[in-house]
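Novice: give me a 3D structure for the following:
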Amino acid sequence: MLFWKSLVVCLLLLDNLVVTSLLTPTCFHGTSHRPSYRQSTRSTLLHSFKRKKKSEHGQEQKQYPSAKPKPILASETTASINSTTTKNSSALQHLTDKILNNQHVDESDVFLVLTSWCNTCTNQGAAMVETLLRKLPAQLLTRRQCTLGVEAWSKAGVVEKARASLAWMQTMSVQHAHLKPTRIAYKYLLEAHLRTGQLEEASVLLRDMEESGDPMLQPLTHDYNLLLFAYARNGAAAESETLLKHMVDQCKQLDAAAPQCDCPCAPDVYSYYFLLDAHARSNNPRAGHRAMEILHQLESLADVEVRVDARMYTAVIHAIARNIPNIEEVVKQVETLFEQAKIRGIEPDKYLYNAVLDVHANNDAPGSAERAEEILREITAAEGVASDVAYNTVLKAWKSSRHVEACERSLAILQYMEEQRLASTVSYTTVIGTLANLGTKAAAMFANDILENMQREFLNGNMEVQPDQQTYNSLLNAWVRCGETQRAELLLRTMERNDNNDTAICAPSVISYSTVMSGWSKSNEPYAWKRAENILSRMIAKYKATGDECLAPNAFSYVSLINAYANSRDSRAAAEADDTLKWMYKEYKAGRTDLKPHTKIVTRVIDAYKNSGREDAGRQAEALLDWLLEKYESTQDVDFAPTGYTFSAVVAAWSKSRQFEKAIRVRRVLARMVELHEAGTITAKPNTALFTAVIYTCGFCANDSIERASSLRVAIETYNELRQPTFPYGSPNNVTYLSMLTVLKNLLPSGKERTSAALAVFNTAKESGFVDYKVIRRLFSIVSPKELDGLIPPELLHGRASLKHIPLDWSRKIQFSK
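Specialist: Below you'll find the model as predicted:
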């Protein structure tokens, strides 16, 4: 009775937790429907609990046997098949033909033939079972044989045919009662639904079995576990909790009527495994916390059949790692659970160890790699030697750590694995990735040596170290990160030429091409953008020639190309970047959602214009800003919302041109951002840097008196606006004062007016504490030493201006910021 009382306690605890709203009382699969048992039906059901009867297999057993754990979705074997017969297809066909020709065949041979065709798990085999069953006289058929019809279509994954076979049994049972389907036949139909992902239909079938009132059809724990397993695979945690609570409700109800009987649908250890696993696979942000709550509930129930073990802890750790975003909290919770398990006397198995190792391997928090290696030593002490999975996970932890000793520790572990014959392709590839993180030529050369050693070992017969695409991509990354993009492309061409003829060399994938393109996008080599273009062209040609989806260019490929254009400083590259952007948008609208050109990509194209040196760079950049705003305002898609850097890039593009009215245009860009922000259209907020950029742009205008006067007016207006005490978008800093002095130098002629204005700006900079050596030098280029005598310390006036010579009060804000 303690077991049932504990289940009731568990039920009450479930009702009091956060997800109680998901678990409506006695509901099943999210509905409020409750199985109705009439009094006569209940009497029959309870009576079947208390008596024993002959089963359909002829053995005396309880009508509802205790639900022991079984392999999930493994169909019940109806008889052992003679191995020589199953291998001999001609003998099988001979027996099949005898049945089809109405010749006499022993009952045992009939069952053997049906089972053999059933176990082919094909439509052809299932159709043959159905044909044979229809051919045999009804009076000679048995329930076991007919059930094979449902099982055959279930294994073939054809739900409608499995349902039709079950309906045929029900029809036949009207005149032949011995053919009436039992729970086993329904279980096969249930498996068919689950194999094809029809979880709702499976839930309805279980409910129909409950409502039938037939003791022979009532679901057992194993049947419920089938659905729980399917829910777990789909991360359906809420549905899993609902179903488990329904099982507890059923047991509570039956226990009240028959206290001395074992409940046939009581949740067992597998039920809770699957519930926790569902939370581990769920995308619910609270799944990790909820899994811990369930674990603690189970631990609070003493002396029950469902005991917490290492596998449950493993599922909870997976739930925490997947659904709690704060990595520090994840590590803390996992370590607490791990220690708690050991305190409770639960001996960690390899799955629990690996789950904890995974948590440390998938983050770069300080100390994670060291902790992973400590756990590895703990495994070694307990088991003598850890598995290759554990060693590879620790290697991954060192790779993620970016620790200064990561390479040294990884190589030491790799050497030990080689001695123990545990090293594999994964091991070497992970170490190559660790070396790539160093970003040095020496590390890349070492990684290259590792690959060459792998090739030799593989060609000598060691199949465990065959280099794969990830191995080659890691080496490509190592060459790119140390700036040796030329070496990376040579390796890429080697991969292309191989074309899979040499099993020690892998053909390239989209990652291979994109990695090298990324290297050229960061290169200062002339025409690097042309190299990136060439690589993309080769990838597209190979993709079209082979149709291999692994070679289809992706967003990273095109972004790498746009970055190459943006960094090239070539006047032709900007237009190419613009064309690539518009093509990506066209493909995105046509259904290629992975090519969506978000704000960062558009901003990089603006950068391409900024760096191009084109006369029309400002106009083209502003046109792109207009295009981006039009997409954002028409779709309200935040991926198209311009950022502060987008506006700054447009201003910078204008600043490098000498076109007329550029001061007015940049001021308009600034005003537009202020207007959009104040209207709540965009969240990006103008700041000091953007106002300063507008001032700086005004200082470099066309050599025209009207243009100079207009630019000076815009600069002064922007400068004074920024100086307002309550201005919401910032205040002047040292760069602002430097920019304003530059404007005065470039736009005003020498004379008292320029000197007076420069000294006024300088005095404001002094008072605000934003005088640096650049401000002093710019002042010297405007005001003569004679006019500065007495205003500037002698060591600054006659010596070299540097921050340490500037009075502390003048530069207090700059020193503080540093």
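Novice: now do residue 102 against residue 771, distance only.
Specialist: Note on residue 102: its distance to residue 771, by CB to CB, to the nearest Å, is 110 Å. (Each C-beta comes from the backbone N, C-alpha and C, glycine too.)
Novice: so those two - more neighbours on which side?
Specialist: Neighbours were tallied for residue 102 and for residue 771 using other CB atoms under 10 Å; the higher tally belongs to residue 771 (28 against 10).
Novice: need the three-state assignment for that one.
Specialist: coil (DSSP: H, G, I helix; E, B strand; the rest coil).
Novice: that one touches residue 808, doesn't it?
Specialist: No: the criterion here is CB atoms under 8 Å, and residue 771 misses it with residue 808 at 10.5 Å.
Novice: same for the longest helix seen in the chain, what does it pack against?
Specialist: Ranked by residue count, the top helix of the chain under DSSP state H comes out as helix 237-257. If you count contacts as 3 or more CB pairs under 8 Å, 6 or more residues apart in numbering; DSSP states H and E, helix 237-257 packs onto helix 2-15, helix 39-50, helix 199-211, helix 221-233, helix 269-281.
Novice: from what I can see residue 567 touches residue 521, true?
Specialist: Yes: Residue 567 is within contact range of residue 521, at 6.2 Å (criterion: CB under 8 Å).
Novice: in this structure residue 633 contacts residue 681, no?
Specialist: Yes: applying CB under 8 Å, one finds residue 633 in contact with residue 681, separated by 7.1 Å.
Novice: C-terminal to the helix or strand harbouring residue 154, what's the next element?
Specialist: Element membership for residue 154 (DSSP states H and E) is helix 143-156. Where DSSP H and E defines the elements, the next helix or strand beyond helix 143-156 is helix 159-172.
Novice: check which residues of that following helix are buried.
Specialist: Under the neighbour-count criterion of 16 or more other CB atoms under 10 Å, helix 159-172 has 159, 161-163, 165-166, 168-169, 172 buried.
Novice: residue 262 in helix, strand or coil?
Specialist: Under three-state DSSP, residue 262 falls in the coil class.
Novice: contact partners for the spatially most central residue of the chain?
Specialist: Nearest to the mean C-alpha position of the chain, by CA atoms, centre = their mean, lies residue 322 at 9.3 Å. Counting by CB atoms under 8 Å, 6 or more residues apart in numbering, residue 322 touches 280-282, 287-288.
Novice: returning to what we had before: quick check: angle from the longest helix of the chain to helix 221-233?
Specialist: 160 degrees (axes from the mean of the first three to the mean of the last three CA atoms, to 10 degrees).
Novice: ranges for the helices of the stretch 51-200 of the chain?
Specialist: 83-87, 89-100, 107-118, 123-135, 143-156, 159-172, 183-195, 199-211 (DSSP state H, counting those that start in this stretch).
Novice: tell me what the helix holding residue 154 is packed against?
Specialist: Helix 143-156 packs on helix 107-118, helix 123-135, helix 159-172, helix 183-195, going by 3+ CB pairs under 8 Å, 6+ apart.
Novice: how long is stretch 361-375 from one end to the other?
Specialist: Stretch 361-375 has an end-to-end distance of 12 Å (criterion: CA to CA, to the nearest Å).
Novice: for it, buried residues please.
Specialist: Buried, per 16+ other CB under 10 Å, within stretch 361-375: 361, 363, 368-369, 371-373, 375.
Novice: can you put the helices and strands packed on helix 143-156 in TSV and add mean pLDDT and distance to residue 606?
Specialist: As requested, the helices and strands packed on helix 143-156 are exported to TSV (pLDDT from 0 to 100; distance: least, CB to CB, whole Å):
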stretch	mean pLDDT	distance to residue 606
helix 107-118	90	66
helix 123-135	94	58
helix 159-172	95	55
helix 183-195	95	52
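Novice: deepest-packed of these, please.
Specialist: Of the helices and strands packed on helix 143-156, the one with the most neighbours on average (mean count of other CB atoms under 10 Å) is helix 183-195, at a mean of 23.
Novice: could you check the angle it makes with helix 159-172?
Specialist: On the basis of the same axes, to 10 degrees, helix 183-195 is oriented at 160 degrees to helix 159-172.
Novice: how far does helix 183-195 sit from its chain's centre?
Specialist: Put simply, helix 183-195 sits 33 Å off its chain's centre (CA atoms, centre = their mean, to the nearest Å).
Novice: show residues contacting that helix.
Specialist: Defining contact as CB under 8 Å, 6+ apart, one finds that helix 183-195 is touched by 73, 75-76, 146-147, 150-151, 153-154, 157-159, 162-163, 166, 169, 199, 201-202, 205-206, 209, 216-220, 222-223, 226-227, 229-230.
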